[in-house]
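Student: Have a look at this prediction, sequence included:
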Amino acid sequence: MLRQVERLPRRIAGYFRHVLRCLTGGSWWRGIALLGGLLTATVLGALFVAWTGLVSVSAHTEHWAVTRWFLGFAMRNAVETQSIGIEPPRLDDRTLVLKGAGHYETGCAACHGAPGKPRSLIVQHMIPSPPYLPDHLEQWDPSELFWIVHNGLKYTAMPAWPAYERKDEVWAMVAFLQRLPTMTPAEYEALAFGPTPAPGDGGSSALLDTLSDPLGPVLADCARCHGAEGLGRGAGAFPKLAGQSETYLLESLRAYANGARKSGVMQPIAAGLDDEVLQRLARHYAQLPADATVPATDEADEAVEYDEAELAQALRLAEHGAAERGVPSCTDCHGPKSGPINPAYPAIAGQYAEYLALQLELFKSGHRGGTDYANVMHSAAQRLTPEQIDQLARYYASQPWEAIERVTEPRD
Amino acid sequence: MKPTVLAPRSGLLLATAILLAGCDGPQSALAPAGDGAERIANLFWWMLGGSAVIWTLVLGLAAYVTRFSRGKHSLVASRWLILGGGVVFPTVVLSALLIYGLMLIPALRTPEDVGMRVEVSGEQWWWRVHYPSPDGGGPIELANEVRLPLGERVAFDLLSPDVIHSFWVPSLAGKVDMIPGRTTELIVQPTQLGTFRGACAEYCGTAHALMNFQVVVMEPAAFERWLAHQAEPAQPPRSEIAQRGLESFLANGCGACHAIRGTEADGRLGPDLTHVGSRLGLGADVLPNTTEAFVRWIGHTDRIKPDVRMPAYGMLPDDELAALATYLSELE
């Protein structure tokens, strides 16, 4: 018995050799021809089955367990391998979390759910159905999440980030996702909707007022991030819009809508609105008072202390640029200055420092895009050093937000 | 039969005529109009003549030994010939040339009798020019054009803030490199009136070939008038359209990089435009100085001069571009 078992492998090998010899007659050529024939038959067979229309593509039934396993296995390994070398920035930054939360509500919550918000019944009938994210994040580290949000996943409904250049936005989303598993519904509401009541929680007459205006629902959505007063959320995640030049606001919205200004957050929103709505939005925010105090929120940073000497240095840089590096002055286009300013140029005094610094970095990298005038800033910011970017952003943030004289009539 | 004999000869004549025509013109070291260029041209002609003589001798000798005297030559005579023609003769000729060439240099470089110092800075891809103020004040900044009084020795202080450029006006003098972190010097003494062309003679980046300038040699009195005029601030706009051009210039932030003395525009990054309308060319002499060329230049800077630092302002409405161009052309 034992000897028979010992011999078994050799007997099996011998059996296969025998069968192979019968099929090929010992000739290599016949072996290759046989293999080719088998392959052709398989391909033709698969084509035939597909042609008959009998392949099950119905999402009514699940994948076979083996198919599901294989697809998941391939996906997990692909994400793991292809996220090698991605270094996460600091993710415990409230600006990033806020920005991620605002967009999660716009672009992700419908499929992936959110604290206190189950996934829609419709998406639960997708194959594969998008996971309820708060419960499924632990298996991925930040670099892997970055890869998934940035690239999306083929054969699932997970889209790639609409503005592939904007890695900073993807990291904002990842920063938010880090907080998601332990987030209570109330925390989520506060992050994604801010002080404005969420649409649908009913009752408030202010909400009914905005809903009676055709622009109301759009404005309510804008207000989640930019605030009802257009002053942002106090933490530099979102720019102040109140009192901004109307031409600049409109041209920027149009640039988002046609993809000239890159943003996975703003592009989808602007592209979904008519030009008439964009015009009304621009007018609305341009008319809001710019000097109102930013409502204090729990996310607001403490006031930053500026060093006097440092401010003076920043002022020189803003007024005269850095000729030895080929950096032009800021004030000739953005003020403060006495003469007129092209209304297509934004006012930046009093804007959030974080927002300004990010824009300068994007301009410097050449990835920002924007209105027809964006090339001017791409050229101006090209040779700024990180220290200069920081100095300028903090200088302008510390200046009073002022309505700058704009003589030229806005163009259509 | 006759035409077949004549055709190659007339073709040769024509080719020679065309080639020789290339020796003339506003940018030719063979048509000198300055002291330095004349000395260099002299040296060139001596070298050309000498090389022609040596070339004829060598070929004659080769023909002699291969055609006319094929037999064995005396070993001693051959050795003397090799030693004489291969060592002694070149040493003497080359030493003489070297001494002659070296003797030219002090005359080209003596700072004595220099009447005026002009500072020229080669920058990617244009020329920043500083003239001494006629009334003894600070230097006057101009760009992309140099004017010189006839007969005066002028010293150029040559600088570069970015990469190595080379300042060369072939008709007037030799070329001198502009090296970042150093000041090099070139002394020019024009001997003829006229307009000459200068170019950057050291590859300095994408638009190197588009970095040129004009040099105008004027009567001393006319030069004084020109310099006095350049020292003045810009004249105010004379027409309504020019006024709109000035407003557009300021509102669009052109003053961040360009200065127009007498206005709020005080940028130092790009060329001073106070008297840009008086120059012979635009964009470091890549376009003629006309209103139409100004519209093209402002609207398509990047296409006319690739990689140029000035952003193109083609997004401005046509009437605004036209107003800007009118204003700038009128800045004479």
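Tutor: That came through, no problem. Residues are numbered from 1 along each chain as shown, chains lettered A, B, ... in the order given.
Student: Show me what stretch B:303-323 is in contact with.
Tutor: The contact list for stretch B:303-323, computed with C-beta atoms under 8 Å, 6 or more residues apart in numbering or on different chains, reads A:326, A:372-373, A:375-376, A:378-380, A:411, B:124-125, B:205-207, B:210, B:241-242, B:244-245, B:248, B:252, B:257, B:269-270, B:283-284, B:286-287, B:291, B:295-302, B:324. Placement of C-beta: from N, CA and C, glycine included.
Student: rerun that using 7 Å as the cut-off
Tutor: With contacts defined as C-beta atoms under 7 Å, 6 or more residues apart in numbering or on different chains, stretch B:303-323 is touched by A:326, A:372-373, A:375-376, A:379, A:411, B:125, B:205-207, B:210, B:241, B:244-245, B:248, B:252, B:270, B:283, B:286-287, B:295-302.
Student: buried residues in that stretch?
Tutor: B:304-305, B:308-316, B:320-323 (16 or more other C-beta atoms under 10 Å in any protein chain shown).
Student: what about A:R254, neighbour count?
Tutor: Neighbours of A:R254 under the rule other C-beta atoms under 10 Å in any protein chain shown: 18.
Student: among the helices and strands of chain A, which has the poorest mean pLDDT?
Tutor: Sorting the helices and strands of chain A by mean pLDDT, DSSP states H and E puts helix A:205-212 at the bottom, at a mean of 53.
Student: now the helix ranked longest in chain B, how far from the centre of its chain.
Tutor: Longest helix in chain B, counting residues (DSSP state H): helix B:35-63. How far helix B:35-63 lies from its chain's middle: 26 Å, per C-alpha atoms, centre = their mean, to the nearest Å.
Student: Against B:R128, how distant is the residue in the stretch 51-200 of chain B that chain A sits nearest to?
Tutor: Per C-beta to the nearest C-beta, B:P161 is where the stretch 51-200 of chain B lies closest to chain A, at 6.9 Å. From B:P161 across to B:R128, the span is 9 Å (C-beta to C-beta, to the nearest Å).
Student: anything in contact with each of the two?
Tutor: B:S121.
Student: Of the two, which one has the most company?
Tutor: Neighbour count, other C-beta under 10 Å: between B:P161 and B:R128, B:R128 has more, with 20 against 16.
Student: how about low-confidence regions in chain B?
Tutor: Along chain B, the parts satisfying pLDDT under 70 run over B:1-7.
Student: Can you name the residues of it that neighbour chain A?
Tutor: Taking C-beta under 7 Å from any C-beta of the partner chain as the contact definition, chain B meets chain A at B:161, B:247, B:250-253, B:255-257, B:264, B:267-269, B:309, B:311-312, B:315, B:317.
Student: coming back round to it: regarding the residue of the stretch 51-200 of chain B closest to chain A, what is its secondary structure?
Tutor: Under DSSP: H, G, I helix; E, B strand; the rest coil, the three-state class of B:P161 is coil.
Student: which SS class is the closest residue to B:S171 other than its chain neighbours?
Tutor: Leaving aside its chain neighbours, B:S171 sits nearest to B:F196 (4.2 Å; criterion: C-beta to C-beta, 6 or more residues apart in numbering or on different chains). Under three-state DSSP, B:F196 falls in the strand class.
Student: in the sheet, who's paired with B:F196?
Tutor: B:V215 (DSSP bridges).
Student: how about the strands of the stretch 51-200 of chain B, start to end?
Tutor: B:114-123, B:126-131, B:140-143, B:145-149, B:153-159, B:165-168, B:176-178, B:184-188, B:194-200 (DSSP state E, counting those that start in this stretch).
Student: And the contacts of the first one?
Tutor: The list of residues contacting strand B:114-123 from outside it, by C-beta under 7 Å, 6+ apart, reads B:127-132, B:139, B:146, B:152-162, B:165, B:167, B:178, B:187, B:200.
Student: Just the buried residues of that strand, please?
Tutor: Within strand B:114-123, the residues that count as buried by 16+ other C-beta under 10 Å are B:R117, B:V118, B:E119, B:V120, B:S121, B:G122, B:E123.
Student: I'd like the distance between the residue nearest the centre of chain B and A:R383.
Tutor: The centre of chain B sits closest to B:G198, judged by C-alpha atoms, centre = their mean, with a distance of 1.4 Å. Distance of B:G198 to A:R383, computed by C-beta to C-beta: 28 Å.
Student: Now name the helix or strand holding the closest residue to A:A59 other than its chain neighbours.
Tutor: The shortest distance from A:A59 to any non-neighbouring residue, by C-beta to C-beta, 6+ apart, is to A:I127 (4.3 Å). Using DSSP states H and E, A:I127 sits in no helix or strand.
Student: quick one: contacts for A:I127?
Tutor: Going by C-beta under 7 Å, 6+ apart, A:I127 touches A:A59, A:E62, A:H63.
Student: Just give me the neighbour total for the first one.
Tutor: Taking other C-beta under 10 Å as the neighbour definition, A:A59 ends up with a count of 12.
Student: That one contacts A:P128, correct?
Tutor: No. Judged on C-beta atoms under 7 Å, A:A59 makes no contact with A:P128 at a distance of 9.4 Å.
Student: picking that back up, the residue nearest to A:A59 and B:G136: what is the separation?
Tutor: Taking C-beta to C-beta as the measure, A:I127 falls 87 Å from B:G136.
Student: ditto for A:Y15
Tutor: 110 Å.
Student: Then A:Q388?
Tutor: A:Q388 is 37 Å from B:G136, by C-beta to C-beta.
Student: So if I had to pick from those two, which one is more boxed in?
Tutor: More crowded of A:Q388 and B:G136, by other C-beta under 10 Å: A:Q388, with 20 against 6.
Student: so the more buried one makes contact with A:A318?
Tutor: No. In this structure, A:Q388 is not within contact of A:A318 by C-beta under 7 Å, at 10.0 Å.
Student: excluding its backbone neighbours, what's nearest B:A207?
Tutor: With sequence-adjacent residues excluded and distances taken as C-beta to C-beta, 6+ apart, B:A207 is closest to B:W125, at 4.2 Å.
Student: I figured that neighbour hits B:Y203, correct?
Tutor: No. Contact criterion C-beta under 7 Å: B:W125 and B:Y203 do not qualify, at 11.0 Å.
Student: higher neighbour count, the two?
Tutor: Set side by side, B:W125 and B:Y203 show more neighbours around B:W125, with 25 against 12, by other C-beta under 10 Å.
Student: Let me see the contact set for the more buried one.
Tutor: So B:W125 contacts B:C204, B:G205, B:A207, B:H208, B:L210, B:M211, B:A284, B:K305, B:V308 (C-beta under 7 Å, 6+ apart).
Student: Weed out the non-buried ones from those.
Tutor: Buried among the contacts of B:W125 by 16+ other C-beta under 10 Å: B:C204, B:A207, B:H208, B:L210, B:M211, B:A284, B:K305, B:V308.
Student: distance of the second one from B:W297?
Tutor: Noted for B:A207: a distance of 13 Å to B:W297, by C-beta to C-beta.
Student: Where does the stretch 101-250 of chain B get nearest to chain A, which residue?
Tutor: Counting by C-beta to the nearest C-beta, the stretch 101-250 of chain B gets nearest chain A through B:L250, at 4.7 Å.
Student: which strands and helices sit next to the strand or helix carrying A:V149?
Tutor: Element membership for A:V149, per DSSP H and E: helix A:142-151. Packing partners of helix A:142-151 (3 or more C-beta pairs under 7 Å, 6 or more residues apart in numbering or on different chains; DSSP states H and E): helix A:65-82, helix A:167-179.
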